[in-house]
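> quick one: sequence and predicted model below, then my questions.
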Amino acid sequence: AEPAQDPDGNPALEVLASVFGYSAFRGQQADIIAHVIRGGDALVLMPTGGGKSLCYQVPALVRDGVTVVVSPLIALMRDQVTALRELGVRAAFLNSSLDAAEAREVERAMVRGEIDLVYVAPERLVTPRFLDLLDRTKLALFALDEAHCVSQWGHDFRPEYLQLSILHERHPTVPRVALTATADAQTRAEIKDKLGLTEARVFLSSFDRPNITYRVVPKKSERQQMLAFLRENHPEDAGIIYCMSRAKVEDTANWLNQQGREALPYHAGLPSEVREANQDLFIKGEGIVMVATVAFGMGIDKPNVRFVCHLDPPKSLEAYYQETGRAGRDGLPADAWMSYGMADVVGLRQMLEQSEAGDSHRRVERSKLEALLGFCETSACRRKVLLNYFGETLEAPCGNCDTCLEPVETWDGTVAAQKALSAVYRTGQRYGAGHLIDVLLGNATEKVAQQAHDALKTFGCGKELSKAEWQSVYRQLVAAGYLTVDLEGYGGFRLTDAGIPVIKGQQTVKLRKDPVVEKRRGVHDAL
Ligand code: ADP
Ligand code: ZN
């Protein structure tokens, strides 16, 4: 782009107004954009709908040269480029949907500086041909969208993202901005590390989505529960229902249609024409329910999705946040509804234990699963727990989640919490729930003997609760922020500052009576 200037000397605002037709920046956009225009690297964490695109589109038009946007989804690229062209921006994409002649045309425009933004798929970016093209192009900026795809622990992992650090190696003076709507502390560290962004300034926006009402119901008959929920709250609204398996997606969609709700299936096993057609119908239609696996959703821009239901729990709180975040992008009230049962927990645990992953990978996965279960079981404000997971503190309960709206039954867990925390403390803040529960229950395992943990005062002091109940206690203590999981080390629990008054008996703790635990003791003991 030609460097723009306006009378007030703020080229960013001038571009915002003249190209995009907006009068003011939102949230941290102004700071981010100013930093990037000055040539700084940035890691932008902003919830879906927060306005990430402008954070690189405006600098692309202000800085001289071509901005390269790395984006993992072809459909998303096409939409963005179409929208930009309608605004008169010189934008193009390079991906497998172009034929050789079309691609050459875009490449020529890049070298001649006749283009301001080019969107590229990561697999193309790292090819020798493209790298050579970059060497011959005057570059303004690299924008790495959906940066969490670099995380090997995440469900959107794209191996090609690991190679993106090559951009910085070859073009060290070109600024980079990495953007994502989903990153817990662990993923953030991984993005910085893998993309070589350790020096980048981090812009963390609030992840709160105040218009979404969070609800988690204990599973009895999930379909009937969900149907009742939809009939009462969303008889004619569009929404998404997530299921774990393809078969369940199809069954559920068929069943909903029999119940008089227009529902379409979406999963990676369907032919691509069917998937695209269903996605189109969902986006353009009104009141259609999309029943899908997690294959559906990334980059879908439908502002009036009024509900997202999970018939099966997601893999992690990050996944949950991202999937439920597709509801209510227009800012109007929307629901996130999940049904959760003990069998799901068993299933997720088994999947985890049977996975081929290495020990450290499994440890991270396990702690992510525990955080999710903690969220399901909490008696505290769900929004508080969710935001806490992303490192944000919500001062007061939100008043817009099921635990706020209909307080759950609790029991006085002060003594149990003291025992659980003291087991953590006395064993040196190194162990996870499994071993700690053995200590509490007085199980003379090999590990207990090795560490002489049978000599501790806490050994066998917790026989009044079952193994499953202790697991729930630990999850709730993590969810409440009394314990953290030490991911730098071996994934053991550590006390937080908030946990100290509890262990000293200066603070009472209320724990949730888990109706799932109460009813399904049989299944539970098998855990
Ligand atoms: P994200 O990529 O973070 O999900 P988008 O970049 O798609 O979000 O932006 C979401 C919506 O908000 C878009 O319709 C965009 O045009 C609009 N938007 C972004 N920034 C502004 C702004 N400063 N003023 C008005 N609308 C904005
Ligand atoms: Zn709440």
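Arrived safely, thanks for sending. Numbering: from 1, shown residues only. Ligands and ions are numbered 1, 2, ... in the order given.
> just the helices in the stretch 101-250 of the chain please.
In order along the chain, the stretch 101-250 of the chain carries the following helices (DSSP state H, counting those that start in this stretch): 122-125, 128-135, 165-170, 185-194, 222-233, 246-258.
> now render the ones you listed as JSON lines, adding mean pLDDT, mean neighbour count and distance to Thr213.
C-beta coordinates here come from the backbone N, C-alpha and C atoms, glycine included. JSON lines is the format used below for the helices of the stretch 101-250 of the chain (pLDDT from 0 to 100; neighbours: other CB atoms under 10 Å; distance: least, CB to CB, whole Å):
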{"stretch": "helix 122-125", "mean pLDDT": "91", "mean neighbour count": "19", "distance to Thr213": "36"}
{"stretch": "helix 128-135", "mean pLDDT": "95", "mean neighbour count": "14", "distance to Thr213": "45"}
{"stretch": "helix 165-170", "mean pLDDT": "92", "mean neighbour count": "15", "distance to Thr213": "41"}
{"stretch": "helix 185-194", "mean pLDDT": "88", "mean neighbour count": "18", "distance to Thr213": "26"}
{"stretch": "helix 222-233", "mean pLDDT": "96", "mean neighbour count": "15", "distance to Thr213": "9"}
{"stretch": "helix 246-258", "mean pLDDT": "97", "mean neighbour count": "17", "distance to Thr213": "21"}
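> for the chain, which residues are neighbours of ligand 2?
Residues of the chain lying close to ligand 2 by CB under 5 Å from the ion are Cys381, Arg383, Pro397, Cys398, Cys401, Cys404.
> skipping adjacent residues, who's closest to the residue most central in space within the chain in space?
Taking CA atoms, centre = their mean, the centroid of the chain lies closest to Glu318, which sits 3.0 Å from it. Sequence neighbours aside, Thr182 is the residue nearest to Glu318 in space, at 5.1 Å (criterion: CB to CB, 6 or more residues apart in numbering).
> can you report how many residues neighbour that neighbour?
Here the neighbour count serves as a burial measure; for Thr182 (other CB atoms under 10 Å) it reads 25.
> ok so, going back, out of the helices of the stretch 101-250 of the chain, flag the one nearest Leu270.
The closest of the helices of the stretch 101-250 of the chain to Leu270 is helix 246-258. By CB to CB, the value is 8.2 Å.
> and the helix or strand that that closest one is followed by, which strands flank it?
Under the assignment DSSP states H and E, the closest C-terminal helix or strand after helix 246-258 is strand 263-266. Under the criterion DSSP bridges, strand 263-266 sits next to strand 289-292 (parallel) in its sheet.
> could you pull up the residues touching Thr378?
When contacts are counted by CB atoms under 8 Å, 6 or more residues apart in numbering, Thr378 is found next to Val385, Thr403, Gln476, Ala479, Ala480, Arg512.
> ok, the first one touching Leu373?
Read it as Val385. No - here Val385 does not reach Leu373: they are 11.2 Å apart, not a contact under CB atoms under 8 Å.
> what's the neighbour count on Glu105?
Other residues near Glu105 number 12, with proximity taken as other CB under 10 Å.
> for the stretch 201-350 of the chain, which spans come out with low pLDDT?
In the predicted model of the stretch 201-350 of the chain, residues 299, 342, 346 satisfy pLDDT under 70.
> where along it do the strands fall?
Counting by DSSP state E, counting those that start in this stretch, residue ranges of the strands within the stretch 201-350 of the chain are 201-204, 212-218, 239-242, 263-266, 289-292, 307-310, 334-340.
> of these, which is nearest ligand 1?
Between ligand 1 and these, the tightest spacing by CB to the nearest ligand atom is seen for strand 201-204, at 12.1 Å.
> give the other helices and strands that that closest one contacts.
Counting contacts by 3 or more CB pairs under 8 Å, 6 or more residues apart in numbering; DSSP states H and E, strand 201-204 is packed against helix 29-37, strand 42-45.
> can you redo those as CSV with mean neighbour count and mean pLDDT?
Rendered in CSV, the data for these read as follows (neighbours: other CB atoms under 10 Å; pLDDT from 0 to 100):
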stretch, mean neighbour count, mean pLDDT
helix 29-37, 22, 95
strand 42-45, 26, 95
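> can those go into TSV with extra columns for distance to ligand 1?
Rendered in TSV, the data for these read as follows (distance: least, CB to the nearest ligand atom, whole Å):
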stretch	distance to ligand 1
helix 29-37	6
strand 42-45	9
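> dump these to JSON lines, plus distance to Asp251.
As requested, these are exported to JSON lines (distance: least, CB to CB, whole Å):
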{"stretch": "helix 29-37", "distance to Asp251": "44"}
{"stretch": "strand 42-45", "distance to Asp251": "37"}
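> for the top helix by length along the chain, give the mean pLDDT please.
The residue-count maximum for a helix in the chain (DSSP state H) belongs to helix 359-377. Average pLDDT, helix 359-377: 84.
> which is the next helix or strand following it?
Scanning onward from helix 359-377 (DSSP H and E), the first element met is helix 382-389.
> give me the helices and strands touching that following helix, please.
The criterion is 3+ CB pairs under 8 Å, 6+ apart, and the helices and strands that helix 382-389 contacts are strand 212-218, helix 317-324, helix 359-377, helix 402-405.
> most packed of those?
helix 317-324 (a mean of 25; mean count of other CB atoms under 10 Å).
> is that one anywhere near ligand 1?
No - for helix 317-324, no contact with ligand 1 is found by CB under 6 Å from any ligand atom; the gap never falls below 11.0 Å.
> begin at 30 from now on, thanks
Noted, 30 is the first residue going forward, which turns the last one into helix 346-353.
> near ligand 1, anything from the host helix or strand of Gln109?
Secondary-structure element containing Gln109, defined by DSSP H and E: helix 103-115. No - using CB under 6 Å from any ligand atom as the criterion, no contacts between helix 103-115 and ligand 1 are found, and the smallest distance is 8.5 Å.
> buried residues, that helix. List them.
Using 16 or more other CB atoms under 10 Å as the burial criterion, the residues of helix 103-115 that qualify are Leu105, Met106, Gln109, Val110, Leu113.
> isn't the second one up against Leu113?
Okay, so that is Met106. No - counting by CB under 8 Å, Met106 sits too far from Leu113 to count as a contact (10.6 Å).
> in the stretch 130-279 of the chain, what residue is nearest ligand 1?
The nearest approach of the stretch 130-279 of the chain to ligand 1 comes at Ala210, 6.1 Å away (CB to the nearest ligand atom).
> any idea of the pLDDT on that residue?
According to the model, Ala210 carries a pLDDT of 86.
> which ones are touching it?
For Ala210, the contacting residues are Leu74, Met75, Pro76, Thr77, Gly79, Lys81, Gln351, Gly354, taking CB under 8 Å, 6+ apart as the criterion.
> roughly how far does it sit from Thr439?
33 Å (CB to CB, to the nearest Å).
> ok, now Ser408?
Distance check for Ser408 against Thr439: by CB to CB, it reads 5 Å.
> quick one on the thing from earlier: of the residues of the chain next to ligand 2, which count as buried by neighbour count?
Going by neighbour count (16+ other CB under 10 Å), those have Cys410, Arg412, Cys427, Cys430, Cys433 buried.
> and those, which is closest to Pro264?
The closest of these, once distances to Pro264 are taken by CB to CB, is Cys430, at 22.4 Å.
> okay, the closest one: pLDDT?
The per-residue pLDDT reported for Cys430 equals 97.
> quick one: contacts for Glu228?
For Glu228, the contacting residues are Asp70, taking CB under 8 Å, 6+ apart as the criterion.
> now do the same for it: its pLDDT.
Model confidence at Glu228 (pLDDT) stands at 90.
> about what we covered before: overlap of the contact sets of Ser408 and Thr439?
In contact with both Ser408 and Thr439: Lys539, Leu540, Arg541, using CB under 8 Å, 6+ apart.
> which one of those sits closest to Ala292?
In terms of CB to CB, no member of the shared contacts of Ser408 and Thr439 lies closer to Ala292 than Arg541, at 32.6 Å.
> wait, what's in contact with the closest residue to that closest one other than its chain neighbours?
Closest residue to Arg541 in three dimensions, ignoring its sequence neighbours and counting by CB to CB, 6+ apart: Ser408, at 3.6 Å. Residues touching Ser408, when contacts are defined by CB under 8 Å, 6+ apart, comprise Thr432, Pro436, Val437, Thr439, Gln505, Lys539, Leu540, Arg541.
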